[in-house]
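S.K.: below are the sequence and a predicted model; questions follow.
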Amino acid sequence: RKEVEQDPGPFNVPEGATVAFNCTYSNSASQSFFWYRQDCRKEPKLLMSVYSSGNEDGRFTAQLNRASQYISLLIRDSKLSDSATYLCAVNTNTGGFKTIFGAGTRLFVKA
Amino acid sequence: DGGITQSPKYLFRKEGQNVTLSCEQNLNHDAMYWYRQDPGQGLRLIYYSQIVNDFQKGDIAEGYSVSREKKESFPLTVTSAQKNPTAFYLCASSIRLAVNNEQFFGPGTRLTVL
């Protein structure tokens, strides 16, 4: 089992739709969580950190479920420009610093 | 503008050659990282550095070497010992090496071994 897993998709949604992705992690000692957006052949860009209480930034909402060991990203009112690959990242510092990225979920938003 | 730069953007090398990828940041960040990304896979950590003159192996350090002589610079050498060097290489930095610090990425270098 991979340490961090994501559904590769693709998710094909119409403009205006709401879409959600999950990212599961296997290490219960994981401490910090992030969502990144990566456009084709570009570098990942930080979308948001994920806090225990959940956090929201405009149309984007991230949540953490420690009991079930997953984080989620919800995108409301999807735009064409949201089409990208969304990567989750999980950090731990148990036995040394470690950061693990998921392979990403591809999203296509259609007109 | 503050940021991370990587050069070159594209690099071709012959088998058996060592090659060095450049990474520079002017964000005054202490920590720097190198990742590789293969198609359909997540980023995998090669090396990271907490501070000048210090660096640690990541998950896939074999066949790679780094140095951290200056805070701003963290070059990566891909040696001939790396069996599958063709990949997209990404450099990142964060304020400190702390689990809750976000990492910011440079534009990457695409290395192709011919």
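M.R.: Sure thing, it's come through. Numbering: from 1, shown residues only, chains lettered A, B, ... in the order given.
S.K.: which residues of chain B lie near chain A?
M.R.: B:33, B:35, B:40-45, B:48, B:50, B:56, B:88, B:90, B:97-100, B:102-108 (C-beta under 8 Å from any C-beta of the partner chain). Quick note: C-beta positions are derived from backbone N, CA and C, even for glycine.
S.K.: of these, grab the buried ones for ChimeraX.
M.R.: Buried subset of these, written as a ChimeraX selection, criterion 16 or more other C-beta atoms under 10 Å in any protein chain shown:
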select /B:33,35,42,43,44,45,48,88,90,97,99,103,104,105,106,108
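S.K.: which of the residues of chain B next to chain A fall in strands?
M.R.: Those of the residues of chain B next to chain A mapping onto strands are B:33, B:35, B:43-45, B:48, B:50, B:56, B:88, B:90, B:104-105, per DSSP state E.
S.K.: in TSV, list these along with pLDDT and distance to B:Leu76.
M.R.: Formatted as TSV, these follow (pLDDT from 0 to 100; distance: C-beta to C-beta, whole Å):
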residue	pLDDT	distance to B:Leu76
B:Tyr33	97	10
B:Tyr35	97	10
B:Leu43	94	14
B:Arg44	95	13
B:Leu45	94	12
B:Tyr48	96	11
B:Gln50	94	16
B:Gln56	95	14
B:Phe88	97	13
B:Leu90	98	10
B:Phe104	95	17
B:Phe105	97	14
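S.K.: which SS class is A:Ser81?
M.R.: Assigned by DSSP: H, G, I helix; E, B strand; the rest coil, the conformation of A:Ser81 is helix.
S.K.: ok, the closest residue to it other than its chain neighbours - how many residues close by?
M.R.: Excluding its sequence neighbours, the residue lying closest to A:Ser81 (C-beta to C-beta, 6 or more residues apart in numbering or on different chains) is A:Val109, at 7.8 Å. Look at A:Val109: counted by other C-beta atoms under 10 Å in any protein chain shown, it has 20 neighbours.
S.K.: now name the helix or strand holding A:Val109.
M.R.: Following DSSP states H and E, one finds A:Val109 within strand A:105-110.
S.K.: who are the packing partners of that strand?
M.R.: Applying 3 or more C-beta pairs under 8 Å, 6 or more residues apart in numbering or on different chains; DSSP states H and E, one finds that strand A:105-110 contacts strand A:11-14, strand A:19-25, strand A:84-92.
S.K.: looking at these, which is nearest to chain B?
M.R.: strand A:84-92 (4.1 Å; C-beta to the nearest C-beta).
S.K.: and B:Arg96, what does it touch?
M.R.: Applying C-beta atoms under 8 Å, 6 or more residues apart in numbering or on different chains to B:Arg96 gives the contacts B:29-31, B:50.
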